[in-house]
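Student: My questions are about this predicted structure, shown below with the sequence.
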Amino acid sequence: MRCVGMLVMFVGAGCGALADATGVGGTAGESTGGGPSGSRDDPPAREPVMPTTSGVDDGSDDVDEAGFIRDPDGGNPMILCDVWAQDCPAGEKCTAWSYDGSHSWNGMKCVPIAADPDGIGEPCTVIDGPYSGVDTCVLPAICWGANSESGVGTCVEFCRGLEAAPTCTDPNAHCEGRELALCIPSCCPVEQTCPLGTACYPTGYHFECVPDAGGAGGAYGDPCEYLNVCDPGLFCADASMVPGCTGSFGCCAPFCDTRSSACALLDPQLECAPWYRPGQAPPGEEFVGYCRGLE
């Protein structure tokens, strides 16, 4: 996703077409944040966030990029259909669910398609909880990032084609995951135009729209442990980078446009530092930066 506009304060501007990028996104379930490293000479570490509804570690030791727990013995008796082949009866779709009631998808089953389904990228509703597998999305999509209280999420497309060479119909999305492979929308962190309930965060080598798990917290300077507990336009930065940070791990800090003075306007103790090392930014993202404390 190209970031081509100027930043107004720390959210604004525009993004254009998807920039080519390679690499694998973050692994769900890890409790590391994605803020800058402790060295002032290094750009922020591109650590993973958790694509879950809660943004907290569920204790699993083996979780797929899209939030799907893998069987350590190499099989899963609760995979009752093939999400790639979509081999369910007419009027049904193969989707992920939690067969044991846990807060992670750990099986596949056929579920009825809603009578008037929501389209890809549209708001959707889960039935009987975020991990029941039953939702209001079209085939082939799943209601992703659903709020545990309201049940509202966004319809995200399953990857199509072959597992060895997956594709997405949305040019601004990339395929992520294995057992549960989803077309995760790419985004521009200085624009923050992700669907309601999600925000643009760095995951692996991409900026992605993932669930905003911040709740009442997540403002500039608030303590954080996970990248996606910060408000849209901010991320969890290393404590040493945020003046006055009292968090044991880090505090929320804004993205910025390196061509603007937005950071200093927010706090005179801040400067806008480049997100990428020189020459490593994808096309259109050369001006993506983050606010950090002055030396």
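Tutor: Cool, got the structure.
Student: can you pull out the strands in the stretch 151-295 of the chain?
Tutor: 152-157, 160-162, 165-167, 173-176, 182-185, 198-203, 206-211, 223-224, 234-238, 250-257, 270-274, 288-293 (DSSP state E, counting those that start in this stretch).
Student: could you dump those strands to a markdown table with mean pLDDT?
Tutor: Formatted as a markdown table, the strands of the stretch 151-295 of the chain follow (pLDDT from 0 to 100):
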| stretch | mean pLDDT |
| --- | --- |
| strand 152-157 | 91 |
| strand 160-162 | 89 |
| strand 165-167 | 91 |
| strand 173-176 | 85 |
| strand 182-185 | 87 |
| strand 198-203 | 86 |
| strand 206-211 | 82 |
| strand 223-224 | 93 |
| strand 234-238 | 91 |
| strand 250-257 | 93 |
| strand 270-274 | 92 |
| strand 288-293 | 91 |
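Student: Out of those, the one nearest residue 96 is which?
Tutor: strand 182-185 (9.3 Å; CB to CB). The way it works is simple: take the backbone N, C-alpha and C, and place the C-beta from them, glycine included.
Student: Alpha carbons of that closest one, as PDB, please.
Tutor: Provided in PDB are the C-alpha atoms of strand 182-185 (Å, rounded to 0.1, in the frame of the first residue of the first chain):
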ATOM      1  CA  LEU A 182      -7.000 -15.200   4.800                       C
ATOM      2  CA  CYS A 183      -6.600 -12.300   2.500                       C
ATOM      3  CA  ILE A 184      -5.500  -9.700   5.000                       C
ATOM      4  CA  PRO A 185      -5.900  -6.100   3.800                       C
END
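Student: Packing partners of that strand?
Tutor: Where contact means 3 or more CB pairs under 8 Å, 6 or more residues apart in numbering; DSSP states H and E, strand 182-185 is packed against strand 152-157, strand 173-176, strand 206-211.
Student: any idea which residue sits dead centre in this protein?
Tutor: residue 210 (2.6 Å; CA atoms, centre = their mean).
Student: pretty sure that residue contacts residue 228?
Tutor: Yes. Applying CB atoms under 8 Å, one finds residue 210 in contact with residue 228, separated by 5.4 Å.
Student: Quick check: closest non-adjacent residue to residue 105.
Tutor: residue 96 (3.7 Å; CB to CB, 6 or more residues apart in numbering).
Student: what's the answer for residue 91, then?
Tutor: Closest residue to residue 91 apart from its sequence neighbours, by CB to CB, 6+ apart: residue 113 at 5.9 Å.
Student: Then residue 212?
Tutor: The nearest residue in space to residue 212 (CB to CB, 6+ apart) is residue 199, at 4.4 Å.
Student: sorry, back to before: distance of the residue nearest to the centre of the chain from residue 277?
Tutor: Counting by CB to CB, to the nearest Å, the separation of residue 210 from residue 277 is 24 Å.
Student: Need the winner for burial among the helices and strands packed on strand 182-185.
Tutor: Comparing the helices and strands packed on strand 182-185 by mean neighbour count (mean count of other CB atoms under 10 Å), strand 206-211 ranks first with a mean of 28.
Student: For residue 125, which residues are in contact?
Tutor: Shown in contact with residue 125 (CB atoms under 8 Å, 6 or more residues apart in numbering): 118, 135-136, 143, 146, 151-153.
Student: again, 6 Å this time
Tutor: Taking CB atoms under 6 Å, 6 or more residues apart in numbering, we find residue 125 in contact with 136, 151-152.
Student: for the helix or strand harbouring the residue nearest to residue 105, packing partners?
Tutor: Counting by DSSP states H and E, the element that carries residue 96 is strand 92-97. Here strand 92-97 touches strand 107-112, going by 3 or more CB pairs under 6 Å, 6 or more residues apart in numbering; DSSP states H and E.
Student: what's the angle between the strand it packs on and strand 92-97?
Tutor: 140 degrees (axes from the mean of the first three to the mean of the last three CA atoms, to 10 degrees).
Student: What's the first helix or strand after strand 107-112?
Tutor: Strand 107-112 is succeeded, C-terminally, by strand 123-125 (DSSP H and E).
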